[in-house]
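[1] need the 3D shape of this:
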Amino acid sequence: MKIKFFMIICSVILFSSCNKWLDVDLADKVTEEKLFGTPQGYQEALAGVYSTMASSGLYGQKLTMEDIDVLAQYYSYDGISSTYVKWKTYDYEDAGSQGRILSIWRGMYTAISSANNIIKWAKQDVKVLDADTKNQVLGEAYALRAYLHFDLIRMFCPDVKKSPKASGIPYNLEFGVSLPPIYTVEENVQLVVDDLKEAERLLVNDPIKLVKPYQMANKDMTDKYVARINLYGVKALLARVGLLRGDKTNAIKYAKEVIESERFQLLNFASADKPDKEIDMLFSDEHIFSLRNKKLSDYTISLHYPEITPTSTRFAYLPFVNISTLYEGNNDDIRNSKWFSTVNGNFVKFNVDNKLKFFSKMPMIKLSEMYLILAECYLGKDDQLAQSYINALRDHRIRNNSHWTYLTMDYIMQEIKREFVGEGQLWYAYKRLNLSVPTSSGTVGVVPPSDKIFVFPIPLKEIETGNRN
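    Just a heads-up that it's a prediction; the model follows:
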């Protein structure tokens with residue numbers, strides 16, 4: 001009940017506005033004080049933020065296996081549902097596309113507002129939380145605020161390396177009635193870094209430092225450390241941010257810190273060579289931060305599977321295409337042989353009957369990404385070292401892997417494409433590197449890079465009510 005109440009408060013903040021972007025009719029303060037009157041209340045408030053993020057409207061579906069991966073052109077360009085016709089062509093002015101964008105915008109700022117409310121209450125608390133718990137709560141809240149703003153930047157702003165002084169997004173630093181200013185893109189990214197550095201400071205004694213989650217036989221116990229943002233999730237995100245802004249020094253620094261922490265390990269093939277009920281389909285030992293949602297299998301079935309009845313057949317809304325080409329026809333690549341059915345080709349990454357051992361989760365940041373970041377950062381600087389990182393990753397993806405002795409950015413991009421199916425990361429990589437986006441359509445071919453395809457417009461309703469222009 002407390003979680004539901006907390007999310008209702010934050011929904012009121014975002015959706016009740018008629019004249020201002022954050023015009024608030026404050027909820028019952030007595031009840032809110034009750035929520036934050038116990039340490040458990042703070043944990044439930046954080047759980048509310050994670051629940052919002054994991055929902056189908058955000059990272060459970062829209063920002064991963066659906067809207068963002070449609071833009072990355074994972075799916076059959078000519079075979080996907082007509083629902084996505086305007087979206088797949090990057091027509092963001094279309095009414096349907098505007099509705100998608102508005103829903104994402106509001107959902108993200110709802111979660112940000114939730115995190116800010118936790119920060120407000122925890123900072124002023126002097127009696128409910130002990131020092132360690134207070135730091136943990138604040139550290140997670142700052143990190144979540146940074147994570148959410150960072151993805152808004154990746155969606156709604158031009159690339160910071162190309163257009164640092166361009167207008168960005170509102171960065172919401174406090175809970176309440178104020179109207180946050182719109183910062184430049186480089187200021188937005190710096191605010192993300194500032195929040196992450198504060199989170200890193202606060203999480204210095206994160207309990208994850210005392211355990212190695214991948215060694216735990218009970219994966220529910222493991223999730224207490226990785227199905228939430230943690231110290232190494234903060235460091236991994238700092239590596240991701242560093243790569244985006246062209247700061248390879250810090251990208252290398254933080255990616256290495258995550259790997260060298262030895263809190264996570266790359267896939268052991270034995271964990272995937274098991275019956276469905278025991279298989280680690282999502283390579284959970286690599287998860288640095290993930291979100292739990294038991295409905296992920298429902299989401300993927302509704303999007304990626306045909307619906308067959310005795311009288312009719314509905315084709316999948318989002319059918320994959322050229323999977324054999326993506327994985328070079330290599331069944332020794334475990335992503336090919338395990339994430340896609342060898343019987344009918346269905347996408348089974350999020351739909352396997354292993355729920356008794358592994359709770360259904362969406363990876364938010366993984367160990368494999370740290371290896372890819374290091375390979376990219378060292379490419380052209382120390383090519384042998386770059387090859388060593390990409391080969392180390394491929395050794396844990398492809399049985400009897402033959403090491404690459406030559407590496408280009410195109411090779412790394414192909415590995416990114418193979419690695420993040422259904423996770424919503426590929427489109428951001430195309431944008432960060434200013435690359436054309438290949439489609440499966442012989443007529444369309446590739447879509448040239450531009451802000452037209454890589455930058456969502458701020459929703460018209462937010463411009464109208466918040467005087468954004």
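[2] tell me the contacts of the residue most central in space within the chain?
    When Cα atoms, centre = their mean is applied to the chain, the residue found nearest the centroid is M364 (4.2 Å). M364 sits next to Y59, Y147, G233, I288, F289, S290, L291 when contact means Cβ atoms under 8 Å, 6 or more residues apart in numbering. To be clear about C-beta, it is placed using only N, CA and C from the backbone, and glycine gets the same treatment.
[3] mind redoing it with 7 Å?
    By Cβ atoms under 7 Å, 6 or more residues apart in numbering, M364 lies in contact with Y59, F289, S290, L291.
[4] how close does the spatially most distant residue from the centre of the chain get to S450?
    The outermost residue of the chain relative to its centre, with distances by Cα atoms, centre = their mean, is T311 at 39.1 Å. Distance of T311 to S450, given as Cβ to Cβ, to the nearest Å: 46 Å.
[5] on that earlier part again, now tabulate the contacts of M364 in JSON lines and tack on neighbour count, secondary structure and pLDDT.
    Below are the contacts of M364 laid out as JSON lines (neighbours: other Cβ atoms under 10 Å; DSSP: H, G, I helix; E, B strand; the rest coil; pLDDT from 0 to 100):
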{"residue": "Y59", "neighbour count": "29", "secondary structure": "coil", "pLDDT": "98"}
{"residue": "F289", "neighbour count": "23", "secondary structure": "strand", "pLDDT": "98"}
{"residue": "S290", "neighbour count": "24", "secondary structure": "strand", "pLDDT": "97"}
{"residue": "L291", "neighbour count": "24", "secondary structure": "strand", "pLDDT": "97"}
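[6] for these, which one is nearest K86?
    Y59 (22.9 Å; Cβ to Cβ).
[7] pLDDT value on the residue farthest from the centre of the chain, please?
    On pLDDT, T311 comes in at 85.
[8] strands along the stretch 251-400 of the chain, start to end?
    Per DSSP state E, counting those that start in this stretch, the stretch 251-400 of the chain carries strands over the ranges 287-292, 307-308, 313-314, 361-366.
[9] got CSV for those, with distance to A392 too?
    As requested, those are exported to CSV (distance: least, Cβ to Cβ, whole Å):
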stretch, distance to A392
strand 287-292, 17
strand 307-308, 41
strand 313-314, 43
strand 361-366, 14
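[10] and those: which comes nearest G445?
    strand 313-314 (29.0 Å).
[11] partners of the closest one, with directions?
    Sheet pairing of strand 313-314 (DSSP bridges) gives strand 307-308 (antiparallel).
[12] please identify the buried residues of the lengthiest helix in the chain?
    Across the chain, the longest stretch assigned as helix under DSSP state H is helix 95-124. Using 16 or more other Cβ atoms under 10 Å as the test for burial, helix 95-124 gives 97-98, 100-101, 104-119, 121-122.
[13] now it: average pLDDT?
    Helix 95-124 carries an average pLDDT of 96.
[14] elements contacting whichever helix or strand comes after that helix?
    Using DSSP states H and E, the helix or strand that directly follows helix 95-124 along the chain is helix 131-156. On a contact count with 3 or more Cβ pairs under 7 Å, 6 or more residues apart in numbering; DSSP states H and E, helix 131-156 meets helix 39-54, helix 95-124, strand 167-170, helix 185-202, helix 231-244.
[15] ok now helix 131-156, how far from the chain's centre?
    13 Å (Cα atoms, centre = their mean, to the nearest Å).
[16] what's the angle between it and strand 287-292?
    With axes from the mean of the first three to the mean of the last three Cα atoms, to 10 degrees defining the directions, helix 131-156 sits at 80 degrees from strand 287-292.
[17] can you give me the offset of stretch 269-284 from its chain's centre?
    Its chain's average C-alpha position is 23 Å from that of stretch 269-284, according to Cα atoms, centre = their mean.
[18] and that stretch, what's buried?
    Quick answer for stretch 269-284 (16+ other Cβ under 10 Å): S271, A272, I279, D280, M281, L282, F283, S284.
[19] got the contact list for that stretch?
    Here stretch 269-284 makes contact (Cβ under 7 Å, 6+ apart) with 219, 267, 334, 338, 349, 352-354, 356-358, 361, 363, 399.
[20] recalculate using a threshold of 6 Å.
    Stretch 269-284 has contacts (Cβ atoms under 6 Å, 6 or more residues apart in numbering) with L267, I334, K338, V352, D353, N354, K357.
[21] roughly how far does the last one sit from F340?
    Read it as K357. Relative to F340, K357 is positioned 21 Å away (Cβ to Cβ).
[22] how about the fifth one?
    Counting by Cβ to Cβ, the gap between D353 and F340 amounts to 16 Å.
[23] neighbour count winner among those two?
    F340 (20 against 12; other Cβ atoms under 10 Å).
[24] what does the model give E278 for pLDDT?
    In this model, E278 carries a pLDDT of 83.
[25] quick check on it: phi, psi?
    When quoted as degrees, to the nearest 10, the phi and psi of E278 stand at phi -120, psi 0.
[26] need the helices and strands packed on helix 131-156 in TSV (columns: distance to M370).
    Listed next are those as TSV, based on distance: least, Cβ to Cβ, whole Å:
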stretch	distance to M370
helix 39-54	21
helix 95-124	25
strand 167-170	27
helix 185-202	15
helix 231-244	6
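[27] neighbours of D332, how many?
    Count around D332 with other Cβ under 10 Å applied: 13.
[28] correct me, but it touches R399?
    Yes. Look at D332 against R399 with Cβ atoms under 6 Å: they come within range, at 4.3 Å.
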